[in-house]
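1. just to be clear, the model below is a prediction. Sequence and coordinates:
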Amino acid sequence: MALSATEQTATPALVAGDRLKPVRIWLYCIALLVLAMVVVGGATRLTESGLSITSWKPISGTIPPLTDADWQAEFEAYRQIPQGVQNSWMGIEDFKSIFWWEWAHRFLGRFIGFAFAVPFVVFLFQKRFNWSLAAPLGGLFVLGGFQGFLGWWMVSSGLSELTSVSQYRLAAHLFAASLLFIALIWVARRLEPAKAAGGVVGWPVWGMLGMIMLQIVAGAFVAGLDAGMGYNTWPLMDGALIPRGLDVIDPFWKNLFENALTVQFIHRMIAYAVVIYAGWLLWRQSRHGGFGGVHGWLPRIAALIGLQVVLGIATLVSMVPISLALGHQALAFMLAGAVTGYLADGTPRRGVSVKRALILGVIPAKARIQLSGRRKR
Ligand code: HEM
């Protein structure tokens, strides 16, 4: 088929998807940085370093203590908080080691803000995207900033009365991090040029994402209460499948968030529910079209779930060594990211105008030629 003049001049622009390639790579890199941030945050928590910096100085806090006097001042501030009093055995060298974890965590947060903002402005000037994409990207930036605020809100809960942070605030902080992560993956994935052999996913996969997110929050409560340091047997808990003492706190709802036994039990139960649900999705898909196209995600997601459960059990029975706990945390995010990828690839891009689709590069070249041909008739 011969191309008309307009179609020929339009052809290089038809690879508009390529103009978005740097944008996609940038978003994937930011998602990777967020994952790294989660791991450093986990290490900060597991080394009990999170309360070592007792102030919130967004700009000047970038510079760590440089002189002995600076170190002494930071150390003194730490010794005023309940955890510092409890750790009265600590010398300045011990303090420095916990300080560096928290400082690295905060520094990485600032770095991510920078790595987001600078390319964003550059891409905007290069007109790689217009305002309809810039607005959601700006939303992600705000979510990232809010995450910093939640981090400080969490830390502040451990500075006056408690010797560790509130598990409620830890859960909010981890949940917001997971939201930011999956939103980045979603936006990046939706900017991929549409593939011809696709497949559509519906509510059952949204259900899977909902369960994983719920499990991430439940896991944060396990971590926040150090609930993995007890009941270190599997499959039995305290000698039974359903242990006694799940409701010892009054009112009952508080057990769901404050009773280490109940919190760990819930985390186990959700894990089993996720496994059963994934099995059902696999069975259903095998009977309705198989695992071609976007559904290739499904067996991979199921494998990740299996690995995550094994890692969770290993973390538990070995009493939460840092390496396994960090792996378990990172894999939870990868799992949420994989389900988001499946959803993004398998959700039809409804309501996208031809013009917008051309800008975003979501209409494949062949289809565009047909569209422009149809318009001329
Ligand atoms: C779909 C399956 C699972 C997911 C998505 C998941 C996710 C998570 C997440 C996000 C955390 C919080 C990590 C942190 O903030 O440090 C966590 C903690 C934990 N999970 Fe799981 N988990 C799953 C299954 C399991 C299973 C089956 C077990 C054991 C029976 C388990 C045991 C633990 C333990 C002991 C912790 C606390 C680790 C710590 O203190 O750092 N998890 N989980």
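-> Cool, got the structure. Numbering: from 1, shown residues only.

2. please count neighbours and contacts with C-alpha atoms only from this point.
-> Noted.

3. what parts of the stretch 201-350 of the chain come near the ligand?
-> Residues of the stretch 201-350 of the chain found near the ligand (C-alpha under 6 Å from any ligand atom) are 212, 215-216, 219-220, 222-223, 226, 228, 268, 271, 274, 305, 308-309, 312-313, 315-316, 320, 325, 329, 332.

4. show me those residues that map onto helices.
-> 212, 215-216, 219-220, 222-223, 268, 271, 274, 305, 308-309, 312-313, 315-316, 325, 329, 332 (DSSP state H).

5. restrict stretch 329-338 to CA atoms and write it as CSV.
-> Provided in CSV are the C-alpha atoms of stretch 329-338 (Å, rounded to 0.1, in the frame of the first residue of the first chain):
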residue,chain,number,x,y,z
GLN,A,329,10.6,-6.9,52.1
ALA,A,330,12.2,-6.2,48.6
LEU,A,331,10.4,-9.2,47.1
ALA,A,332,7.1,-8.0,48.4
PHE,A,333,7.6,-4.8,46.4
MET,A,334,8.7,-6.7,43.3
LEU,A,335,5.6,-8.8,43.6
ALA,A,336,3.4,-5.7,43.8
GLY,A,337,5.3,-4.3,40.9
ALA,A,338,4.8,-7.4,38.8
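
6. got the contact list for that stretch?
-> With contact meaning C-alpha atoms under 8 Å, 6 or more residues apart in numbering, stretch 329-338 is reached by 35, 38-39, 42, 178, 181-182, 185, 209, 212-213, 216, 297, 301, 304-305, 308.

7. and for stretch 59-79?
-> The contact list for stretch 59-79 (C-alpha under 8 Å, 6+ apart) reads 51, 52, 53, 54, 84, 85, 88, 92, 95, 103, 107.

8. so which strand or helix has the spatially most central residue of the chain?
-> By C-alpha atoms, centre = their mean, the chain has its centre lying nearest to residue 178, at 2.8 Å. Using DSSP states H and E, residue 178 sits in helix 167-190.

9. and that helix, what does it pack onto?
-> Here helix 167-190 touches helix 21-46, helix 131-156, helix 203-224, helix 322-346, going by 3 or more C-alpha pairs under 8 Å, 6 or more residues apart in numbering; DSSP states H and E.

10. dump those helices to a markdown table, plus distance to residue 69, mean neighbour count and mean pLDDT.
-> Listed next are the helices and strands packed on helix 167-190 as a markdown table, based on distance: least, C-alpha to C-alpha, whole Å; neighbours: other C-alpha atoms under 10 Å; pLDDT from 0 to 100:
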| stretch | distance to residue 69 | mean neighbour count | mean pLDDT |
| --- | --- | --- | --- |
| helix 21-46 | 24 | 19 | 97 |
| helix 131-156 | 24 | 17 | 94 |
| helix 203-224 | 33 | 20 | 98 |
| helix 322-346 | 32 | 21 | 97 |
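
11. relative to residue 174, which of those helices is closest?
-> Across the helices and strands packed on helix 167-190, the minimum distance to residue 174, taken as C-alpha to C-alpha, is reached by helix 203-224, at 6.8 Å.

12. tell me which residues in the helix or strand just after that closest one are buried?
-> Next in sequence after helix 203-224, counting helices and strands by DSSP H and E, comes helix 255-258. Neighbour counts over helix 255-258 (16 or more other C-alpha atoms under 10 Å) mark 255, 256, 257, 258 as buried.

13. returning to what we had before: the helices and strands packed on helix 167-190 into TSV, with extra columns for distance to residue 124?
-> Converted to TSV, the helices and strands packed on helix 167-190 look like this (distance: least, C-alpha to C-alpha, whole Å):
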stretch	distance to residue 124
helix 21-46	10
helix 131-156	8
helix 203-224	32
helix 322-346	24
